[in-house]
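Visitor: I need the structure of the sequence given here:
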Amino acid sequence: MDGNNRFSKKNNLNKFQAYSAGAKNLIELSNKIFNKTNINYITAFALSRHNLKRPKKIIDIILKILNEYVDRSLIEKRNFSIEFRGDLSFLNIDIIKKIKLLEKKNKSFDKKLIILLNYSGKQDIVESFIKIKSKNISINADNIYKNLTLFDIPDPDMILRTGGFQRVSDFLLFNISFTELFFSKKLWPEFKYNDFSKYIEKYKKTERKFGI
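Guide: Here you go, the predicted structure:
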């Protein structure tokens, strides 16, 4: 979901307007994907651990939008669940309570939108090893996976990054061994379902061998 800041400059918008457009796009795009395809999981990298080093003004905007986003989601009806994962300890207790209410409200749906906040792929692996050590169990790929943030979610079939940069930026490093990678030059708020459909068609034409 890269490109909110550049979207603000390109369209002469303030940062709040740009990030709001990005949040709105996530919900609208997820809704269309879940309704028009057989995709059951979307994982959105909304805020990395590295992003928290950005200016306080930007973080405050993101938190304000997050709060408004959760408030609206508690009222609106959807046919998919929303989960927030990552280290949420940086959030205040009020927003954490509302997040828990939201997750409880719609947890029965099979289709899931997972939003990663304050997440790091490297740290996820480190913390998995810490959990393994505390449990005194064997270190192997299965146990590492079972102690990751997305332990109960299938590995992604594809990653699609907007904004033009061709890198994974610490996203689900253990989970993407055989994930197909796609990159769009479009900025995140500009990326719509028609754009997504083109990448789905490219994915369908990809021969996946899984190392065999």
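Visitor: need the longest helix for the chain.
Guide: Once the chain is assigned using DSSP state H, the helix that runs over the most residues is helix 15-36.
Visitor: Would you mind writing the CA trace of that helix as CSV?
Guide: The C-alpha coordinates for helix 15-36 follow below in CSV (Å, rounded to 0.1, in the frame of the first residue of the first chain):
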residue,chain,number,x,y,z
LYS,A,15,-1.4,14.3,4.2
PHE,A,16,-4.7,13.6,6.1
GLN,A,17,-6.7,13.7,2.8
ALA,A,18,-4.2,11.4,1.1
TYR,A,19,-4.0,8.8,3.8
SER,A,20,-7.8,8.9,4.1
ALA,A,21,-8.1,8.2,0.4
GLY,A,22,-5.7,5.3,0.9
ALA,A,23,-7.8,3.8,3.8
LYS,A,24,-11.0,4.2,1.8
ASN,A,25,-9.4,2.5,-1.1
LEU,A,26,-8.4,-0.5,1.0
ILE,A,27,-12.0,-1.1,2.1
GLU,A,28,-13.5,-0.5,-1.4
LEU,A,29,-10.9,-2.7,-3.1
SER,A,30,-11.1,-5.5,-0.6
ASN,A,31,-14.9,-5.5,-0.9
LYS,A,32,-14.7,-5.8,-4.7
ILE,A,33,-12.1,-8.5,-4.5
PHE,A,34,-14.0,-10.6,-2.1
ASN,A,35,-17.3,-10.2,-4.0
LYS,A,36,-15.9,-10.8,-7.5
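Visitor: mind checking how far that helix is from the chain centre?
Guide: 12 Å (C-alpha atoms, centre = their mean, to the nearest Å).
Visitor: Kindly confirm my reading that D2 is in a helix.
Guide: No - under the criterion used here (DSSP: H, G, I helix; E, B strand; the rest coil), D2 is coil, not part of a helix.
Visitor: for the chain, what spans make up the helices?
Guide: 4-10, 15-36, 56-75, 93-105, 121-135, 141-146, 193-204.
Visitor: Tell me what angle the longest helix of the chain forms with helix 56-75.
Guide: 40 degrees (axes from the mean of the first three to the mean of the last three C-alpha atoms, to 10 degrees).
Visitor: Tabulate the helices of the chain in JSON lines, adding columns for mean pLDDT.
Guide: As requested, those are exported to JSON lines (pLDDT from 0 to 100):
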{"stretch": "helix 4-10", "mean pLDDT": "95"}
{"stretch": "helix 15-36", "mean pLDDT": "96"}
{"stretch": "helix 56-75", "mean pLDDT": "94"}
{"stretch": "helix 93-105", "mean pLDDT": "94"}
{"stretch": "helix 121-135", "mean pLDDT": "98"}
{"stretch": "helix 141-146", "mean pLDDT": "97"}
{"stretch": "helix 193-204", "mean pLDDT": "97"}
